[in-house]
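S.K.: Kindly generate the corresponding structure for this input.
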Amino acid sequence: MVRTFKTQSSSRVCRLAAIACALVTLSACLPDSGSIRPSPGGASTAGRDVSAGRYDRAARGYERLAKSATSSADRDEHLLNAARAWFNHGESMKALSSLRKVRGAFPTDDPIIGMLLATDKLVNGQARSALNDLNRLQRQVKQPQLPAFLELKARAQTMTGDATGLVLTLTERETWLRRGSDIKQNRRLIWLALRDLGRQGHALATPPNANRNLEGWLTLARLYRDNGRNQAALDQQLKAWNQDFSKHMAAGLTANLSHGRDNPAQSQPDSVALLLPLSGRLGGPGVAIRDGFIAAYLNDASNPSRPEVNIYDTSALSATDAYQLATKNGAEFVVGPLSKYNVNSLIEKRAVSTTTLALNYLGDGVQVPVNFFQFSLSPEHESAAIARHALSEGMTRSVALVPETLLGERLLASFTAAFEAGGGKMIDAGRYNPANTDFAIPITNLLNLNSSRARHQQLSAVVGQKLEFEPRRRQDAQLIFLVAGAKEGRLVRPQLNYHYANDLPVYSTASIYEDDANLNRKDLEGVTFADAPWIISPEPQIVNQRTILSRAWPQRIKRRGRLYAMGMDAYALLPELHGQHQVLAEGLNGLTGRLMLEPGNRITRDLDIATISRGSAQYVPPVNEFAEKPISIEGGN
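M.R.: Predicted structure coming up:
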C-alpha cells in the first residue's frame, strides 16, 4: 500500500480531521482484541492490557516499546499495534499519529490499518482516492469492524457528493446494528449528510429504479433543501411526504423539521406596520430593510393569510408618533423602529401596546414587555460564532489583535466569553490603531518577538560573537482572533505573516469580508470568518435569490446585502412571534443566521462559516454535527 501522508495546518484540514475522528469514535464498532498482533520482545504487559480491553493503556505501552526498540522492524510493529489499540479505543486521530511514525511498508491484509490509511486521506481532502481504497478493502472487513468501516465509507461518499451511495451504505450499516440508540444515530447520520449535500448545491436526484427507501430519503432531502427557509411551504411539503412515505425509516424525523401548525393562518397577524427611516443618516439601511421585507412579502403571494403591510417613515415622524398612528390604524404587529435611540424611546415612554419586533437591541438588563422583541445584526453574534467554530476545530488557546475602539473591546469580550465557556483560553490580546498602516509594534509585542530577540542578544554576549538568528514567535497560541475591517485586514494579515505568524490560523468577523467580487482579497487568503448565510451560503435557494436581486440592484445589494436579508428575516419572524414562539426556542433558519429567542426577548443568531480562498468566500460546513440538538427518530420501519 502506497504511503500518502501529508502534513497540513489549514483550518480545512482541522475540520476534516475532527469529522474523520468523529466517524470512528461514534461508530458502533465493537473492539476486536484479535486485531492486535503479537509484538516482539517485552510486549507482554501491553498484550495483557489488550486482552483485558484496556486499549488506551495498551496503546501507550506499545508506544513506549517503540521508543526503546533496537530494530526498525520491531519499532514499526510496536507502532502498528499502538495504532490498532488506539483504533479499538475509539481514538482514530491518535491511531493516525502512531501510524505516521511507521517507516517501513504497511501490511496490505489488515482492515484496521487500511481504514486508518483511508481516514488519513479524508483528513487531507483526498476523498475520491480514499473511497477507491475503501472499495478495494471492503472484502477484507468483517464484524466487529464493519459498522465503523461503512460509516467511514459513507463519509467519503458524502465528501465526493454521492448522495445515493451514502444512503445505500448507511442503510446497509443499519443491518449490522443491534441497539436502538445506534440505529437512531445511523439514521441521523443519513439525514445530516443529505442535508449538508443539499446546502452545498448537490442535485440529490433520485436514480432510475431506486428502491422505496432511497427514494424517500432523497425526496425528503430535496424538499428540505428547497423549502428549509420557508417554514409554511416546508410544513405543507412535509405533510405530503408523510402521506406518501408513512412507513419510511425517516418518518419520525419530519416531526422535528415541521413547526407542527395545522393552521398556519392562526399565527399570522392581519395587519403589520413597518417603521423605518427612509431618508437622512439611516435612510440607506432603512430602505434596504424595507426592500427585503417587501421582497419576502411578495414571495409569500400564495399565502391566503398574508397580512396587510403599511410603511411609516420615521424620518418624517417621530418613532413614538409613528407607532401610535400605526396602532390607531389597526396594526396588530409593528416591525421597527431601527435606531437604538428610537427603540429606547418606545420603552421609556411606555408606548408599546401590541406585538413589536424592534430592529435593534436595548441595553443589557432593560426590562421589556412580554410582547416586545429585539432583533439586531449584532457583530457580537459573529465573534461568538467564530469562537465556537475554533473550539469545534480543536483550538483551545488563542491570542487576539483588536482595534483600540469600543467595538474592538466588545468583540474581544464576546469572543473570549464564548471561547472560554467552551473550554478555551484567551492567552493574550494586543491593540492597534486602525488609523495607522504599520502595525509592527502591537504585532511583535503580541507574538513575543521582542523577548526572542532579547534572548538572542544575551546569548551573543555570552559567546562573544554574532550568531545567526531568526526570531521565534510564541508557541503557546493556536490561533489569532483578528478584529478588522476589510481595508485594515488587508494591511494587518501580511504583517502577521512577515512577523513569523504565517502558520497561525486567523479567525475574524464578517467585517473583514466585503461582498464585492471586484475587490482584491489576495492578502486575506486563508482568513476564516463568521457571516450571514445570505453572504456565504452555497444553498441554491439563497444563491438564486442573490443572483436575481444583484442583477436588479447591483450596488444596493453589494453594499447592504446583510440588511436586505434582515428585512426578509423580519417578515419570516411574524408568525413565530405572533404565535407561541416554540420554534424560536429550537432555532429558525434565516438568511442572517439561525435565529433563536434568548432571555430578555432578544433574537440572537448563529452564523455560517467561510474561509477566504482564491479571492472568494468558501463555505465551511459545521465541524461537529453531533453537537446539534438531537433529532428523535421514532416510528417508521
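S.K.: contacts, neighbours, all on C-alpha from now
M.R.: Noted.
S.K.: Tell me, how many residues neighbour Leu597?
M.R.: 22 (other CA atoms under 10 Å).
S.K.: Tell me the secondary structure at it.
M.R.: strand (DSSP: H, G, I helix; E, B strand; the rest coil).
S.K.: and it, what does it touch?
M.R.: By CA atoms under 8 Å, 6 or more residues apart in numbering, the residues touching Leu597 are His581, Leu584, Ala585, Gly587, Ile603, Thr604.
S.K.: same thing with Asp606?
M.R.: So Asp606 contacts His381, Glu382, Ala385, Gly593, Arg594, Leu595 (CA under 8 Å, 6+ apart).
S.K.: What of Leu189?
M.R.: Leu170.
S.K.: any idea of the pLDDT on it?
M.R.: As predicted, Leu189 sits at a pLDDT of 91.
S.K.: Can you report phi and psi for the residue nearest to Asp76 when sequence neighbours are not counted?
M.R.: Closest residue to Asp76 in three dimensions, ignoring its sequence neighbours and counting by CA to CA, 6 or more residues apart in numbering: Val102, at 5.2 Å. Dihedral pair for Val102: phi -70, psi 130, per degrees, to the nearest 10.
S.K.: Now do the strands in the stretch 301-450 of the chain.
M.R.: Applying DSSP state E, counting those that start in this stretch to the stretch 301-450 of the chain gives strands spanning 308-313, 333-335, 355-358, 372-375, 397-403, 425-432.
S.K.: hmm, back to that, is the residue nearest to Asp76 in contact with Leu80, as I believe?
M.R.: Yes. Contact criterion CA atoms under 8 Å: Val102 and Leu80 qualify, at 7.4 Å.
S.K.: show me where the stretch 51-200 of the chain has helices.
M.R.: 55-68, 72-88, 92-99, 111-123, 127-137, 146-159, 163-174, 180-199 (DSSP state H, counting those that start in this stretch).
S.K.: Residues contacting the first one, please?
M.R.: Spelled out, it's helix 55-68. Contacts of helix 55-68 (CA under 8 Å, 6+ apart): 42-43, 45-50, 74-79, 81-86, 88-89, 98.
S.K.: Pull out the buried residues from these.
M.R.: With neighbours counted using 16 or more other CA atoms under 10 Å, those contain these buried positions: 43, 46-47, 49-50, 74-79, 81-86, 88-89, 98.
S.K.: shaky segments in the stretch 501-637 of the chain?
M.R.: 517-518, 580-583, 586, 623-637 (pLDDT under 70).
S.K.: At which residues are the strands of it located?
M.R.: 506-508, 528-531, 588-589, 594-598, 602-606, 608-613, 616-620.
S.K.: So which elements touch the longest one?
M.R.: Using 3 or more CA pairs under 8 Å, 6 or more residues apart in numbering; DSSP states H and E as the contact criterion, the secondary-structure elements in contact with strand 608-613 are strand 528-531, helix 533-536, strand 616-620.
S.K.: List the contacts of the longest helix along the chain.
M.R.: Counting by DSSP state H, the longest helix found in the chain is helix 554-578. The contact list for helix 554-578 (CA under 8 Å, 6+ apart) reads 230, 264, 267-269, 285, 288-297, 333, 335, 355, 357, 377, 515-516, 532, 534-535, 549-550, 582-584, 590-592.
S.K.: start to end distance for stretch 119-129?
M.R.: End-to-end span of stretch 119-129 (CA to CA, to the nearest Å): 11 Å.
S.K.: ok, and for it, which residues are buried?
M.R.: Result for stretch 119-129 [16+ other CA under 10 Å]: buried residues Thr119, Asp120, Lys121, Leu122, Val123, Asn124, Gly125, Gln126, Ala127, Arg128.
S.K.: repeat for stretch 417-432
M.R.: Those would be Ala417, Ala418, Phe419, Glu420, Gly424, Lys425, Met426, Ala429, Gly430, Arg431, Tyr432, for stretch 417-432 by 16+ other CA under 10 Å.
S.K.: Pretty sure Ile536 is one of the things Tyr619 touches, is it not?
M.R.: Yes. Counting by CA under 8 Å, Tyr619 touches Ile536, with 6.1 Å between them.
S.K.: Would you pull up how far stretch 511-523 lies from the middle of the chain?
M.R.: With CA atoms, centre = their mean, to the nearest Å as the basis, stretch 511-523 stands 21 Å off its chain's centre.
S.K.: Repeat that for stretch 426-443.
M.R.: Mean C-alpha position of stretch 426-443 versus that of the full chain (CA atoms, centre = their mean) differs by 28 Å.
S.K.: okay, and the common contacts of Tyr619 and Ile536?
M.R.: Common contact partners of Tyr619 and Ile536 (CA under 8 Å, 6+ apart): Asp608, Ile609, Ala610.
S.K.: Could I get the contacts of Leu597 in TSV, plus columns for neighbour count and distance to Phe373?
M.R.: Shown next, in TSV, are the contacts of Leu597 (neighbours: other CA atoms under 10 Å; distance: CA to CA, whole Å):
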residue	neighbour count	distance to Phe373
His581	15	11
Leu584	20	12
Ala585	12	14
Gly587	19	15
Ile603	22	7
Thr604	21	11
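S.K.: Ser398: which of those residues is nearest?
M.R.: Of all the contacts of Leu597, Ser398 sits closest to Thr604, with 24.3 Å by CA to CA.
S.K.: The closest one reaches His381, doesn't it?
M.R.: Yes. Judged on CA under 8 Å, Thr604 makes contact with His381 at a distance of 6.9 Å.
S.K.: tell me, what's touching those two both at once?
M.R.: With CA under 8 Å, 6+ apart as the test, Thr604 and His381 reach no residue in common.
S.K.: Count the residues that sit near Gln545.
M.R.: Neighbour number of Gln545 under other CA under 10 Å is 11.
S.K.: can you check Val543 too?
M.R.: Val543 has 16 nearby residues by other CA under 10 Å.
S.K.: can you tell me how far it sits from Gly201?
M.R.: For Val543, the distance to Gly201 - CA to CA - is 9 Å.
S.K.: Likewise for Leu391?
M.R.: 27 Å.
S.K.: what about these two, which has more around it?
M.R.: Taking neighbours as other CA under 10 Å, Leu391 and Gly201 compare with Leu391 leading, 19 against 16.
S.K.: give me every residue that touches that one.
M.R.: Applying CA under 8 Å, 6+ apart to Leu391 gives the contacts Phe419, Gly422, Gly423, Gly424.
S.K.: Then Ala530?
M.R.: Glu382, Ser383, Ala385, Ile386, Ser508, Thr509, Ala510, Leu607, Asp608, Ile609, Ala610.
S.K.: can you tell me how far it sits from Asp606?
M.R.: 9 Å.
S.K.: cool, Glu576 as well?
M.R.: For Glu576, the distance to Asp606 equals 18 Å [CA to CA].
S.K.: likewise Lys247?
M.R.: The value you get for Lys247 to Asp606, if CA to CA is used, is 34 Å.
S.K.: Could you do Met566 as well?
M.R.: 14 Å.
S.K.: again with Ala296
M.R.: 21 Å.
S.K.: Same question for Ala413.
M.R.: For Ala413 relative to Asp606 (CA to CA), the value is 17 Å.
S.K.: With distance to Ala440 as extra columns, can I get the contacts of Leu597 in JSON lines?
M.R.: As requested, the contacts of Leu597 are exported to JSON lines (distance: CA to CA, whole Å):
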{"residue": "His581", "distance to Ala440": "50"}
{"residue": "Leu584", "distance to Ala440": "46"}
{"residue": "Ala585", "distance to Ala440": "46"}
{"residue": "Gly587", "distance to Ala440": "43"}
{"residue": "Ile603", "distance to Ala440": "40"}
{"residue": "Thr604", "distance to Ala440": "36"}
